[in-house]
Each structure stands twice: as C-alpha cells, then as structure tokens.
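>>> Structural data only, the sequence is not supplied:
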C-alpha cells in the first residue's frame, strides 16, 4: 500500500482537475439568481466527500443555503477533527476588471506564484482550501494512515454572515461533537515563510440610507438651497475619522485592550517589507491610524471602511440631478474584547445624531461576528505548528489575521472546542477582488501538510 505522501504525489494532476471543475460552479450566496448553482455546488461537495471515502455524506437544508456534512469514524478512543469550510463565494463584480472570466478557471504564472496560480472566483476563498482537506483525507484513507476520526461541515453562507450556521450547530451538537475544528480560510506570510493564524478581527457591517427631498430635483432650480443627500453622506462619512486616522464614534475604543510593548514588538517581528507592499499595490504611501505599523493596522487595531457608496445618476453622459437618496455600505473590523452588537449600536446612534435636518438617516445592520484569539500553548496549535514545519521545513510564525471568520467564536461557544486556523493562501491572492487566484504550489502544499496535523495531533492526544 502506498504512503499518504506517495498517493498525493501520484494524484496531483487529478486533484487539480477536480478543483477546476468545482470552480466552474458560480455558487454566489449573496445573489438569489445563483440559488440553483449554489445547490449544485452543495451536491458536488457531497459527491466528493463520498468519493474520498466518507462513511456518510449528507446535504442538510436550512432556511438559506444547504450545509454539507460528512464523516469517517474509526474509533471513539481516537481524537475527532471537524473540518469547517465554505463552498459559497463572493460576487464576481466588477466582472469587466477580470483578466479572464471569473468562473472559467485558468492557470497563469505570477510574481508570487512562479509555478502558476489558478485564477477564478473561490479559488483561494474558500473552495481551493476546502478541497485540500477533502483530498488530504482521501490520501490518508487510501494509504491506511488516517489516525483521527474526521468530520466535515461545509456551509454555503459564510460570505453572507453564516445566518443559519449557529442554529444548525446548536441543533446538531451531538453529531458535530469533536476535539478540534480545523479551518483553512486564512493565509501564510509567504511561500517560504509559513505561519499559523492565532487571531482574527471581528466584524460589524451596516448599510446606511440618507433621504433628502421626496424626489430627484433639477440641480439648477433647487441646487444651493435643498440638501444634497450625496454631499451630506460624504460629509458624514468623512467625519467618522480624524486626521490621525482614529475613529470618532464615541465609545468606539472603550473595550479595546492595549497591547504591551512586548506584544507589539512580537507582532512587528514578522517579516514585512513596506516598500514592496506599496509597490505591489501601486500606491505611493499607506494611510492608517497614526502611531501603529502596517502590521498592527491590519491585524490588532480596529478599522472603519466604506465598502460601497451610491446615489443619483451614474449612467453615460451627464444628468444635472439633485438626488433624493444616497446609500453606503460600511464595515468595521473589531479586535478582542469589542462586541459587534455594541459597536453596531454605537455606530447607529452616532450616525443618526450627526445627520443635519435636511435629511433623514436610516442605519440597517447586516451581519457581524466576534473577534477571536487562540493560545499558542494548546495541543491543537502545537500540532498545527509541527505540521507546518514538516510541510515547509521551517518553524511557522504565529500571526494575527486582519479578516473575520465570525463563526470561529460561535464554534467555541456552542461546541466548546478550539479552532485551528491553518491557511495556505497569500494576502496578495486578491480574494473578494477581481482576478482572485490561488497558487498551485499552495494548493499542493496544503494537501501535503494537512496529514501531518493529524499525525501530530493524534500523538499529542494519545
């Protein structure tokens, strides 16, 4: 019988081609027009779990998109690993900024991926990274080297805030019982600098509506006297930060834990080239909260950003209109000890309070999630660190991620276990953006490295 690593090596081409097939399914959870494609993707995940060797694989319906569950149980005495991921993807818009169609995957070489990268929506976030776990499981089972019980929970609503995952977990606590949750939805520092994510920021996401006159008006007849909702919205948004990049919402920083110099120094010890960072983004300078490094600004400090803003006439040519309404979508990334419910309420109260009498403001909360920190002394983290060392030949660096995976805190609350964030993407892989891609090296390296986690975790829990 071949070893796990031999099986992986011999099946690399097959694994890659299978990934390309599921990347062709536009499982966009946010857009009802893709509901059937999202269901099709759930069935595809189930089929791959069956082919990989799961004893059971099921599609569980929810009030939204389905959750796929699979399992392979060997012995109750062995530790159980629950693999979490998501098969839904972000909308591909703006499609005209893609170099190739977002759901027709192509492999091209890039500066950061000289061995080639898979360009497609969902390639890195999160289909490619979920698929690594399915293929690693297939290899371990085929080689007779599976040392833990395995469960899979792959959902279809992560990109819209996982509204039905909490109820599903609470209803199925017994089925989902495990010792650790293994997640690959994060990144490493570089392909030659492995890392393990030990923290995530939380999220508060809102949409605001500013309403002025009861209809669009002629800007010549009414301009200068009637409040323009777009102008007012722009002024209100601009006031949410001061000149030092600090958020001005009263009470926003009340619960932020101040890090010690030792903790800040440890964060900033991670390799980072500011000039290369600016060159990669084609910007002359960065802009963030004064007094903090880029590493801190993007991981351990809270943020407020406008994700979209619209109103008035945006078609071809000119139309001199004073719009009736203006809108914006705003996200706030939060750090440990901040509550997304509290921050959403603080934002709502403040934004409504600064609105002038010329307009009416409505704040609509969307979704949110709690920040998360995992200790670096647990068997779960130590097994992940040892696995990354085996896979990359180097000790990994523990890092805090700037993104949010709201359900990680939920898992600990409901299932009572820690999560390990063992991702293999790069920050430069353009997730959520046009031309999202995922390195072929990273995809293969993930499949090779994941079995080492099972090996070390089984030994530590023995």
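Looks like it came in fine. Keep in mind it's a predicted model, so treat the numbers as computed, not measured. Numbering: from 1, shown residues only.
>>> can you pull out the strands in the stretch 51-200 of the chain?
Along the stretch 51-200 of the chain, counting by DSSP state E, counting those that start in this stretch, strands occupy 56-60, 67-72, 80-86, 106-108, 117-119, 149-155, 180-183, 195-200.
>>> Just send those strands back as TSV, with mean pLDDT, distance to residue 302 and mean neighbour count too.
(C-beta placed from N, C-alpha, C; glycine too.) Listed next are the strands of the stretch 51-200 of the chain as TSV, based on pLDDT from 0 to 100; distance: least, CB to CB, whole Å; neighbours: other CB atoms under 10 Å:
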stretch	mean pLDDT	distance to residue 302	mean neighbour count
strand 56-60	98	35	16
strand 67-72	98	31	23
strand 80-86	98	25	25
strand 106-108	98	36	15
strand 117-119	98	32	26
strand 149-155	98	27	26
strand 180-183	97	23	25
strand 195-200	94	13	24
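>>> could you dump those to TSV with distance to residue 253?
Output for those, formatted as TSV (distance: least, CB to CB, whole Å):
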stretch	distance to residue 253
strand 56-60	41
strand 67-72	37
strand 80-86	31
strand 106-108	43
strand 117-119	39
strand 149-155	33
strand 180-183	29
strand 195-200	18
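>>> and residue 23, which of those strands is closest to it?
Of all the strands of the stretch 51-200 of the chain, it is strand 117-119 that lies closest to residue 23, at 7.1 Å by CB to CB.
>>> so what strands line up beside that closest one?
Strand pairing for strand 117-119, using DSSP bridges, gives strand 106-108 (antiparallel), strand 437-439 (antiparallel).
>>> In TSV, list the ones you listed along with distance to residue 366.
TSV is the format used below for the strands paired with strand 117-119 (distance: least, CB to CB, whole Å):
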stretch	distance to residue 366
strand 106-108	33
strand 437-439	27
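>>> among those strands, which is nearest residue 5?
Nearest of those (CB to CB): strand 437-439, 19.4 Å.
>>> Tell me where the model's unsure across this protein.
Along the chain, no part satisfies pLDDT under 70.
>>> longest helix anywhere in it?
Using DSSP state H, we find that the single longest helix of the chain is helix 440-461.
>>> count of neighbours near the closest residue to residue 197 other than its chain neighbours?
What sits nearest to residue 197 in space, not counting adjacent residues and going by CB to CB, 6 or more residues apart in numbering, is residue 421, at 3.8 Å. For residue 421, the number of neighbouring residues by other CB atoms under 10 Å comes to 25.
>>> distance of residue 421 from residue 23?
23 Å (CB to CB, to the nearest Å).
>>> tell me the domain boundaries of the protein?
For the chain, the structural domains run 4-200+371-461, 202-256+302-369, going by automatic domain parsing.
>>> Which of those domains sits closest to residue 278?
domain 4-200+371-461 (12.8 Å).
>>> now for the longest helix of the chain, which elements pack on it?
With contacts taken as 3 or more CB pairs under 8 Å, 6 or more residues apart in numbering; DSSP states H and E, helix 440-461 sits against helix 4-10, helix 12-23, strand 80-86, strand 117-119, helix 127-143, strand 180-183, helix 379-392.
>>> can you give me the offset of the shortest one from its chain's centre?
Centroid separation for strand 117-119 versus its chain: 18 Å, with CA atoms, centre = their mean, to the nearest Å.
>>> which residues sit in contact with the spatially closest residue to residue 378 that is not a sequence neighbour?
Spatially, and ignoring its direct neighbours in sequence, residue 378 is nearest to residue 418 (6.1 Å; CB to CB, 6+ apart). By CB atoms under 8 Å, 6 or more residues apart in numbering, the contact list for residue 418 reads 180-181, 374-375, 378, 380, 412.
>>> With residue 343 instead?
Per CB under 8 Å, 6+ apart, neighbours of residue 343: 204, 252, 332, 334, 368.
>>> Just put those in a markdown table and tack on secondary structure and neighbour count.
Conversion of those to a markdown table gives the following (DSSP: H, G, I helix; E, B strand; the rest coil; neighbours: other CB atoms under 10 Å):
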| residue | secondary structure | neighbour count |
| --- | --- | --- |
| 204 | strand | 28 |
| 252 | coil | 21 |
| 332 | strand | 25 |
| 334 | strand | 25 |
| 368 | strand | 21 |
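>>> can you tell me which two in those residues are farthest apart?
Pairwise over the contacts of residue 343, using CB to CB, the maximum falls at 252 and 368, 14.4 Å.
>>> a strand runs through residue 328, doesn't it?
Yes. The assignment for residue 328 is a strand, going by DSSP: H, G, I helix; E, B strand; the rest coil.
>>> and residue 417, how many neighbours does it have?
There are 16 residues near residue 417, going by other CB under 10 Å.
>>> residues touching it, list them.
82, 178-181, 411 are the contacts of residue 417 under CB under 8 Å, 6+ apart.
>>> Identify the farthest-apart pair in these.
Longest span within the contacts of residue 417, CB to CB: 179 and 411, 12.3 Å.
>>> between the two, who's got more neighbours?
Taking other CB under 10 Å, residue 179 and residue 411 do not tie; residue 411 has more neighbours (24 against 17).
>>> Unless I misread the structure, that one falls within a helix.
Yes. Counting by three-state DSSP, residue 411 is part of a helix.
>>> Could you find the closest non-adjacent residue to it?
residue 181 is the one closest to residue 411 (CB to CB, 6+ apart), at 5.3 Å.
>>> ok, that neighbour - contacts?
81-84, 408, 411, 415, 417-420.
>>> ditto for residue 439
Here residue 439 is in contact with 112-113, 115-118, 191, 426, 429 (CB under 8 Å, 6+ apart).
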